[in-house]
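Enquirer: Here is the input, now give the coordinates:
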Amino acid sequence: MAATASAESSDPELQASAWDLEPLVEGEGQEGVQRRLDDALERAQAFATRYAGRLGELDGAGLREAMRELAVVHELVARAGYFAALRFSTDTAEPANGALLQRVQEQETAIETTLLFFELEWAALSDERVEQLLAGDGLDFCAHHLRNVRRYREHLLSEPEEKILAEKALTGASAWTRLFEELTSAIEVTLPGTSEPPARDGSEKLALDVALSRLSLADREVRRSTAEAVTAALAPGLRTRAYLFNTLLADKATDDRLRGYPHWLAARNLSNEASDESVSALIEAVRDRYEIPRRWYRLKAQLLGVERLADYDRMASVTEDEASFSFAQAREIVLDCYSSFSPELGAVAKRFFDERRIDAPVRPAKRGGAFCAAAVPSVFPYVLLNYTARRRDVLTLAHELGHGVHFALAAAQGVFHQSTPLTLAETASVFGETIVFGRLLEEDSEPASRLALLAENLEDTIATVFRQVAMNRFEDLVHTARREQGELSAERFGELWAESQSEMLGDSVELTEGYRSWWSYIPHFIGSPGYVYAYAYGQLLALSVYERYEQLGPELVPRYLELLAAGGSRSPQELGEIVGVDLADPGFWTAGLDLVERQLQAAEAAAQASGRLQ
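Expert: Got it, this is the predicted structure:
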């Protein structure tokens, strides 16, 4: 199954894997972007002329007509916006891409401010009047969305104030976020002994994502030198990124104060349709089980033959098995797994390859990481990868295609309900990744590679559940410190990063001095404050759904597809009920963490069976 070539640059199918963004603008390119924005603005202005100040006079049929027109406007704006944003993500250094993105954002803001009145007037209606309107026929495509809008009533400002905040965001938070993406995409790591072609100055450089992937290699000296090289690459712009982060922390503090949010995470919880109490319960439940990752890292130190892991050892392979997979092999594995679970799901996943909806190669100035973009209901989603031919990349492909099939199946819900809250957003991705992991494990009879697989699976769960909660704690520390103490130095960020990571790791992992700067390339802190705990929420939910699948077998498949097809048309609790999961159960998080502990026990048993423990 494993490919013999380890260099992703020698994979012609991978290099040819680039997405086609033209369906977003029906082949019209940048002219199509501008035409859709102009059309959207004209429609928004007409909408405002017709409905501003009159929302309370509408009946059910009138509200239905208004929401259908709003859906058209949102779709036009999203087509233009995704075209610009996705093009920018593949080459952040190209000035034309940045200019197009900025122009789109400016015109999106003009449309947004034109339509602000609608949500403000809707939020101001009485509960009785709202329920009368939503009881009318034909509003299923927007009813849950409209009820959610009203959850923000206490935090909305006046229309003039809302317009000012929207206008200023262009040169505020969104501008700083774009700068961060450009800065981090340009980071190059100089490594000794790499096989990559040398740069013009004779040094050898790798993109940050490629360098980080080397931390999974079996050779500890390679890991150590790679970590030192990453730290050195992060150093030149560290103060700039610290200033950037400080600015965004202050910006959010101002926004929260003006809107009356009681704490820094309240706005995120509201958008996630999660109560403060349930989120606190999740975070505390995970923190109470930090001994799970510590236990694994102590065992891993024995497997690697070291007294104690260093931070750069955490993702190391526990065996000499360093299998690599061509992009074609990864495609074949993932599609077969999806199709075996559900032919319908497999057919949807196949479209990503057939219709050029994946951009997979690592390139200079390409945004790091991986993501899936929903685009719009009428256009099939897009996936971005930075594929480096490692086994984890196969699982990442499965993960992002999980998002993709979720978006695709939910497209029938329309623009208001296609996407779920973040708390449900990881369900299909983790589920798909788990199916592929099961296949890889089932087909591998070699004790060493089975141990490696079980270790990688556990480590991915640890990264998604425990590390994300530790990163939430870092965010909590920095948001609180910025509000109470003022601007933070790069060194202070490093101290708070080390504090939050040490809480999780205890004495099981040594944090090197260089690791203190590694907070500075993580995009979620910058563009999506408070986002990261949703990974833990989604992972534990998805593991619970997968456990239901193991119990019920094919009986669960149609219910699972129903869950995906529902998109965000219902509350998280109602969506969970479709597959028999009770998110309101206080013991839900404990049960999910018990599943993680069973993963640990499986890895421990494999390690014992390997005969490598003393």
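Enquirer: shaky segments in the stretch 151-300 of the chain?
Expert: For the stretch 151-300 of the chain, applying pLDDT under 70 flags the ranges 193-204.
Enquirer: Which parts of it are helices?
Expert: Assigned helices in the stretch 151-300 of the chain, in chain order: 159-169, 173-185, 208-213, 220-234, 238-259, 266-271, 276-288, 291-304 (criterion: DSSP state H, counting those that start in this stretch).
Enquirer: now the ones you listed as JSON lines including mean neighbour count and distance to Tyr338?
Expert: No exception for glycine: its C-beta is placed from N, CA and C like everyone else's. Converted to JSON lines, the helices of the stretch 151-300 of the chain look like this (neighbours: other C-beta atoms under 10 Å; distance: least, C-beta to C-beta, whole Å):
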{"stretch": "helix 159-169", "mean neighbour count": "15", "distance to Tyr338": "39"}
{"stretch": "helix 173-185", "mean neighbour count": "18", "distance to Tyr338": "31"}
{"stretch": "helix 208-213", "mean neighbour count": "21", "distance to Tyr338": "24"}
{"stretch": "helix 220-234", "mean neighbour count": "18", "distance to Tyr338": "33"}
{"stretch": "helix 238-259", "mean neighbour count": "17", "distance to Tyr338": "38"}
{"stretch": "helix 266-271", "mean neighbour count": "18", "distance to Tyr338": "30"}
{"stretch": "helix 276-288", "mean neighbour count": "17", "distance to Tyr338": "29"}
{"stretch": "helix 291-304", "mean neighbour count": "19", "distance to Tyr338": "29"}
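Enquirer: Let me have those in CSV, extended by distance to Ala123.
Expert: Converted to CSV, the helices of the stretch 151-300 of the chain look like this (distance: least, C-beta to C-beta, whole Å):
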stretch, distance to Ala123
helix 159-169, 11
helix 173-185, 23
helix 208-213, 42
helix 220-234, 43
helix 238-259, 13
helix 266-271, 13
helix 276-288, 21
helix 291-304, 43
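Enquirer: so which of those helices gets nearest Pro558?
Expert: helix 276-288 (28.5 Å; C-beta to C-beta).
Enquirer: Now do the closest one: everything it contacts.
Expert: With contacts defined as C-beta atoms under 8 Å, 6 or more residues apart in numbering, helix 276-288 is touched by 263, 265-266, 269, 272, 465-466, 469, 472-473, 503, 533, 536-537, 540, 583, 586, 589-590, 593.
Enquirer: if we go to 10 Å?
Expert: With contacts defined as C-beta atoms under 10 Å, 6 or more residues apart in numbering, helix 276-288 is touched by 262-263, 265-266, 268-270, 272, 274-275, 292, 423, 465-466, 468-470, 472-473, 476, 503-504, 530, 533-534, 536-537, 540, 572-573, 583-584, 586-590, 592-593, 596.
Enquirer: Only the C-alpha atoms, please, for stretch 290-298, written as CSV.
Expert: Coordinates of each C-alpha in stretch 290-298 appear next as CSV, following Å, rounded to 0.1, in the frame of the first residue of the first chain:
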residue,chain,number,x,y,z
TYR,A,290,-5.1,15.5,31.2
GLU,A,291,-3.5,12.4,32.6
ILE,A,292,-4.5,10.6,29.4
PRO,A,293,-2.0,12.4,27.2
ARG,A,294,0.6,12.4,30.0
ARG,A,295,0.2,8.6,30.3
TRP,A,296,0.7,8.2,26.6
TYR,A,297,3.8,10.5,26.4
ARG,A,298,5.4,8.6,29.3
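Enquirer: How far does that stretch sit from its chain's centre?
Expert: Centroid separation for stretch 290-298 versus its chain: 25 Å, with C-alpha atoms, centre = their mean, to the nearest Å.
Enquirer: what packs against the host helix or strand of Gln30?
Expert: Counting by DSSP states H and E, the element that carries Gln30 is helix 29-51. Using 3 or more C-beta pairs under 10 Å, 6 or more residues apart in numbering; DSSP states H and E, the elements in contact with helix 29-51 are helix 60-90, helix 95-124.
Enquirer: avg pLDDT for it?
Expert: For helix 29-51, the mean pLDDT works out to 97.
Enquirer: All further residue positions should be reported with the first residue as 396.
Expert: Understood, numbering begins at 396; the last thing we discussed is helix 424-446.
Enquirer: so how far is it from its chain's centroid?
Expert: 30 Å.
Enquirer: residues in contact with Asp522?
Expert: Arg545.
Enquirer: Kindly report the same for His874.
Expert: Contact analysis of His874 by C-beta under 10 Å, 6+ apart lists 644, 647-648, 651, 658-660, 920, 924-925.
Enquirer: Please identify which of those is nearest to Arg636.
Expert: The closest of the contacts of His874, once distances to Arg636 are taken by C-beta to C-beta, is Phe920, at 10.0 Å.
Enquirer: And the pLDDT for that closest one?
Expert: According to the model, Phe920 carries a pLDDT of 95.
Enquirer: May I have the strand or helix carrying it as CSV, with CA atoms only?
Expert: Using DSSP H and E, Phe920 sits in helix 919-922. Below are the C-alpha coordinates for helix 919-922, written out as CSV (Å, rounded to 0.1, in the frame of the first residue of the first chain):
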residue,chain,number,x,y,z
HIS,A,919,-7.1,30.3,14.7
PHE,A,920,-6.0,32.7,17.5
ILE,A,921,-5.9,35.5,14.9
GLY,A,922,-8.9,35.1,12.6
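Enquirer: For the residue at minimal distance from the centre of the chain, grab phi and psi.
Expert: Against the mean C-alpha coordinate of the chain, by C-alpha atoms, centre = their mean, the closest residue is Phe766 at 6.2 Å. Per-residue torsions, Phe766: phi -160, psi 160 (degrees, to the nearest 10).
Enquirer: Also the one 10 residues further on?
Expert: In terms of degrees, to the nearest 10, the main-chain angles of Pro776 are phi -70, psi 170.
Enquirer: can you put the contacts of His874 in a markdown table and add distance to Glu557?
Expert: What follows is the contacts of His874, written out as a markdown table (distance: C-beta to C-beta, whole Å):
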| residue | distance to Glu557 |
| --- | --- |
| Leu644 | 22 |
| Lys647 | 17 |
| Ala648 | 18 |
| Asp651 | 15 |
| His658 | 22 |
| Trp659 | 21 |
| Leu660 | 22 |
| Phe920 | 26 |
| Pro924 | 20 |
| Gly925 | 21 |
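Enquirer: State the pair within those residues that is farthest apart.
Expert: In terms of C-beta to C-beta, the contacts of His874 reach their longest pairwise distance at His658 and Phe920, which sit 16.8 Å apart.
Enquirer: So which of the two has more stuff around it?
Expert: For His658 versus Phe920, the count of surrounding residues by other C-beta atoms under 10 Å is larger for Phe920: 23 against 13.
Enquirer: Was I right to think the more buried one contacts Val873?
Expert: Yes: in this structure, Phe920 is within contact of Val873 by C-beta atoms under 10 Å, at 7.9 Å.
Enquirer: Next, show the common contact partners of the two.
Expert: In contact with both Phe920 and Val873: 640, 644, 888, 914, using C-beta under 10 Å, 6+ apart.
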